[in-house]
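J.: my questions concern the predicted model and sequence given below.
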Amino acid sequence: MHPIELVNVKKDYLLGNVRVPALKGVSFAIEPGEFTVIAGPSGSGKTTVLNLIGCVDTATEGDVVIASKKTSDLNDRELTSLRLNTLGFIFQSFNLIPVLDVYDNIEFPLLLKKDLTPKQRKERVDYFIERVGLKNHRKHRPSELSGGQRQRVAIARALVTKPQIVLADEPTANLDSKTGQSIIDLMKEINSIDKTTFIFSTHDYSIMNQARRIIQLQDGMILK
């Protein structure tokens, strides 16, 4: 069973009356526990692929299958459940809540799940704060953190729900090379220990060199 499968996926966007193809028939399957990079220049379709896998966009044609569920068959409630329970997101802009401290930002998705006691939530948040090396920053707000620290908060928040799949859109784009490497090392460690499936987009060759698999996109198609 593949956690992710795309079958002849096409995606068009309308700009005024003009139909612009972002994906032109993309097919691939991801194995459980893979550490995969979707690579390609800007405009190649990387973010579109992640948005389709993340159920924040829908395909024009073809099938997107996540955890054995065809996303086009799911209603809004089922899509929300899939995003909350199966998927974790790491954005290049971090998307942290400015008024919340590190602890509360990481805890936030657990409050939406409603299936954990306060004690269980605390244990899990404490574990991931420790895991990403922010034990001494738990009461800091995002504005008081460096870019690398904010990205670590974003990673902890993505992982705290224990998703099967983590999607990272250019996760090191706003970081210096040393900080970016430490973020990738952390993801690789979690991938190795927890067998979490990681898929991230990048055009950074130093990161591509560390992936177990590269899916290369250009002009909305996979390069063979």
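T.: Perfect, thanks for sending it. Please read these numbers as outputs of a predicted model, since none were measured by experiment.
J.: show me where the protein has its helices.
T.: When assigned using DSSP state H, the helices of the chain occupy the ranges 46-53, 76-85, 102-113, 118-131, 147-159, 177-194, 205-208.
J.: now the weakest link among the ones you listed, please, by mean pLDDT.
T.: Lowest mean pLDDT of those: helix 205-208, a mean of 82.
J.: so which elements touch that one?
T.: Packed against helix 205-208 by the contact rule (3 or more C-beta pairs under 8 Å, 6 or more residues apart in numbering; DSSP states H and E) you find strand 35-39, helix 177-194. No exception for glycine: its C-beta is placed from N, CA and C like everyone else's.
J.: for the helices of the chain, which one sits closest to Phe91?
T.: Closest to Phe91 of these, according to C-beta to C-beta: helix 147-159, at 6.8 Å.
J.: need the CA coordinates for that closest one. CSV is fine.
T.: Coordinates of each C-alpha in helix 147-159 appear next as CSV, following Å, rounded to 0.1, in the frame of the first residue of the first chain:
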residue,chain,number,x,y,z
GLY,A,147,14.6,32.1,11.4
GLY,A,148,16.1,28.6,12.2
GLN,A,149,14.3,28.5,15.5
ARG,A,150,11.0,29.5,13.9
GLN,A,151,11.5,26.7,11.4
ARG,A,152,12.1,24.3,14.2
VAL,A,153,8.8,25.3,15.8
ALA,A,154,7.1,24.8,12.5
ILE,A,155,8.6,21.3,12.3
ALA,A,156,7.5,20.4,15.8
ARG,A,157,4.0,21.6,15.1
ALA,A,158,3.9,19.5,11.9
LEU,A,159,5.1,16.4,13.8
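J.: for it, buried residues please.
T.: For helix 147-159, burial by neighbour count (16 or more other C-beta atoms under 10 Å) applies to 148-159.
J.: how about stretch 30-37?
T.: Quick answer for stretch 30-37 (16+ other C-beta under 10 Å): 30, 34-37.
J.: now stretch 5-24
T.: So, applying 16+ other C-beta under 10 Å, buried residues of stretch 5-24: 5-7, 9, 11, 22-24.
J.: among these, which two are most distant?
T.: With C-beta to C-beta as the measure, no two of these lie farther apart than Glu5 and Ala22, at 19.0 Å.
J.: I'd assumed Thr60 was in contact with Asp12.
T.: Yes. Contact criterion C-beta atoms under 8 Å: Asp12 and Thr60 qualify, at 4.7 Å.
J.: any idea how far Ile207 lies from Ser44?
T.: Noted for Ile207: a distance of 16 Å to Ser44, by C-beta to C-beta, to the nearest Å.
J.: who touches the residue nearest to the spatial centre of the chain in this structure?
T.: The residue lying closest to the centre of the chain (C-alpha atoms, centre = their mean) is Leu167, at 1.7 Å. Applying C-beta atoms under 8 Å, 6 or more residues apart in numbering, we find Leu167 in contact with 50, 53-54, 87-90, 199-200.
J.: could you dump those to JSON lines with neighbour count and distance to His137?
T.: Shown next, in JSON lines, are these (neighbours: other C-beta atoms under 10 Å; distance: C-beta to C-beta, whole Å):
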{"residue": "Leu50", "neighbour count": "21", "distance to His137": "28"}
{"residue": "Ile53", "neighbour count": "24", "distance to His137": "31"}
{"residue": "Gly54", "neighbour count": "21", "distance to His137": "28"}
{"residue": "Leu87", "neighbour count": "23", "distance to His137": "26"}
{"residue": "Gly88", "neighbour count": "24", "distance to His137": "21"}
{"residue": "Phe89", "neighbour count": "19", "distance to His137": "21"}
{"residue": "Ile90", "neighbour count": "23", "distance to His137": "18"}
{"residue": "Ile199", "neighbour count": "24", "distance to His137": "28"}
{"residue": "Phe200", "neighbour count": "24", "distance to His137": "24"}
